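**Q** Give the three-dimensional model of this entry:
(one chain, ligands or ions: 1)
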Amino acid sequence: MNTASGRVAVAVSGGRDSTALLHATLRAALPLGLQVWALHVHHGLQAEADAWEQQVRLQARRWGAAFLSRRLTGAPEAGDSVEAWARRERYRALADMAGEAQCSLLLLGHHRRDQAETFLLQALRGGGPAGLAAMPALAQRRQITWARPWLQQPHEAVQAYVQRHRLRHVEDPSNADGRYARSRLRQRVWPVLNAAFDDTEATLVQAARHAAQAAALAAEVAAVDLPPLCEDGALLLAPWAALPPARRRNALQAWLTGALPGRWPQTLLDRLIDELPGRRGGQWPAPEAVLRLYRGRLRCVPAPSPPVLAAPLPALDLSTPGFVALPGWGGRFEVSDSTHDGVSPALLQAVRVAPRTGGERFHLAARGLARSLKKQYQAAGVPAWARQGPLLWLADGRLLYAPGLGVDATLRAARGEPQRALRWCPDAPGPRQPGG
Ligand SMILES: Nc1ncnc2c1ncn2[C@@H]1O[C@H](COP(=O)(O)OP(=O)(O)OP(=O)(O)O)[C@@H](O)[C@H]1O
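**A** All right, here's what the predicted structure looks like:
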């Protein structure tokens, strides 16, 4: 393990397992001249939390470990469970503290029963191989090696260690709180399982190992299958559909994970698997985005925000280079200097914004006829998602600009005259959330 800095960190809640792990780590590390850091997170959720922090601080000092602690601030957002929020923020705080203590190795006190419980909880949530793989013994994240050295140890072994060394530890009352799924499993299900089956813990952990192998294999296959199926971020449907069924599903799952900004439901994958084959066009709603199929390419584009048109927009001045945001439309216009196919700044001093209502006419070529916007979009091969955005009109009622097509050909400035280029830029979807 990586102890190049001569320092090892242990995440210590003050509970039985992590107290034992701190004790055992100190016994192994101090004779080797390694410095041990006890890192504690104060969740700020329970009345006893101050006392737990104090207990870990004093114990660490007595045993010869350096100590750091962080108090979490903030609260779960709507739709986020307290457990999920606390876990995410705890790992973030632990990573920050490990960085501060210059420890590249961080030990966690999970043991074999924790692993078996995680497997069961994932199964009860309908998890796939990645979830059922439960917790890795070693993981590299944020330049830290996260290690669970006791993942193969039965909890009785940890209990025996605590008794042998008469270690003082805290009892977290939430471990017995029936509102939490893990507590219910531990209190009500585990005793029954153990009474009915032999070696429950070891068997479930073995199943988690099979799942980890399956998840790793799926990731390796996707890494080979996906690159030839992608062009400019789009999934090419014909070669995708030619894959055998399991690889097809696996590749689509990997593409969705890379393309969508956040978590997405399995029902989306099921629906696409049913509906994509044989289709040339179509669209499917996804979280914060829309999946659009046009001419055999599947793309992920930001979900268009509905225009807020309650109050008519005043005339816009787009005559000077820069950006003009239209928040109600989910995007902005970019105005830049141009040498050809642009618009005279004089025409851009007072333009009006409006949605498509149907029946608009547009010139693709200066000498061509005005044809319906819909026909021009089709003629120019503009996919449906690139047509989203506002139209720009001149005060005299002529259509000036259409997203995806640009400026009407009869309204373009002559070469050599001062002119501006216009471009509609939809907002990007929100930042990606880490999956779990
Ligand atoms: N508040 C915390 N501060 C630091 N590390 C923590 C904290 N909570 C959990 N951990 C780390 O995550 C591991 C697993 O957490 P879990 O919630 O299962 O344990 P616990 O019941 O709080 O305590 P323990 O595992 O010490 O008995 C702990 O063994 C410990 O390494």
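**Q** any idea how far the longest helix anywhere in the chain is from the chain center?
**A** When the chain is parsed with DSSP state H, its longest helix is helix 200-225. Put simply, helix 200-225 sits 21 Å off its chain's centre (Cα atoms, centre = their mean, to the nearest Å).
**Q** I'd like the average pLDDT over whichever helix or strand comes after it.
**A** Reading on from helix 200-225 to the C-terminus, the next helix or strand found by DSSP states H and E is strand 230-231. In this model, strand 230-231 carries a mean pLDDT of 95.
**Q** Name the strands paired with strand 230-231 and say parallel or antiparallel.
**A** Neighbouring strands of strand 230-231 in its sheet, by DSSP bridges, are strand 234-236 (antiparallel).
**Q** How about residue 40: which residues does it bridge to?
**A** With DSSP bridges as the rule, residue 40 is bridged to residue 69.
**Q** Identify the residues contacting it.
**A** Residues near residue 40 by Cβ atoms under 8 Å, 6 or more residues apart in numbering: 11, 12, 13, 14, 52, 53, 56, 57, 67, 68, 69, 70. From N, CA and C alone the C-beta is placed, and that goes for glycine too.
**Q** ok, and the most crowded of those residues?
**A** For the contacts of residue 40, the largest number of neighbours (other Cβ atoms under 10 Å) sits with residue 12, at 32 neighbours.
**Q** Relative to the ligand, how far out is that one?
**A** Look at residue 12 and the ligand: by Cβ to the nearest ligand atom, to the nearest Å, they are 5 Å apart.
**Q** how about that residue, what does it touch?
**A** 18, 19, 21, 22, 38, 39, 40, 56, 60, 109 are the contacts of residue 12 under Cβ under 8 Å, 6+ apart.
**Q** Next: residue 392.
**A** 318, 351, 352, 353, 399, 400, 401, 422 are the contacts of residue 392 under Cβ under 8 Å, 6+ apart.
**Q** Would you mind listing the two of those residues that lie farthest apart?
**A** Using Cβ to Cβ, these span at most 14.8 Å, a distance reached by 318 and 399.
**Q** what about the closest residue in space to residue 175 that isn't next to it in sequence, which SS state?
**A** Among residues not flanking residue 175 along the chain, residue 183 sits closest, at 6.0 Å (Cβ to Cβ, 6 or more residues apart in numbering). Using DSSP: H, G, I helix; E, B strand; the rest coil, the structure places residue 183 in helix.
**Q** Am I right that residue 183 is in contact with residue 173?
**A** No: with contact defined as Cβ atoms under 8 Å, residue 183 does not count as touching residue 173 (10.0 Å).
**Q** who's more crowded, these two?
**A** Legend: neighbour count by other Cβ under 10 Å for residue 183 and residue 173, higher for residue 183 (15 against 11).
**Q** Quick check: pLDDT value at the more buried one.
**A** Confidence score, pLDDT, at residue 183: 88.
**Q** Quick one: residues contacting it.
**A** Applying Cβ under 8 Å, 6+ apart to residue 183 gives the contacts 174, 175, 176, 177.
**Q** host element of the residue lying farthest from the centre of the chain?
**A** Relative to the centre of the chain, and counting by Cα atoms, centre = their mean, the farthest-placed residue is residue 367 at 49.7 Å. Under the criterion DSSP H and E, no helix or strand holds residue 367.
**Q** Thanks again, I'm all set now.
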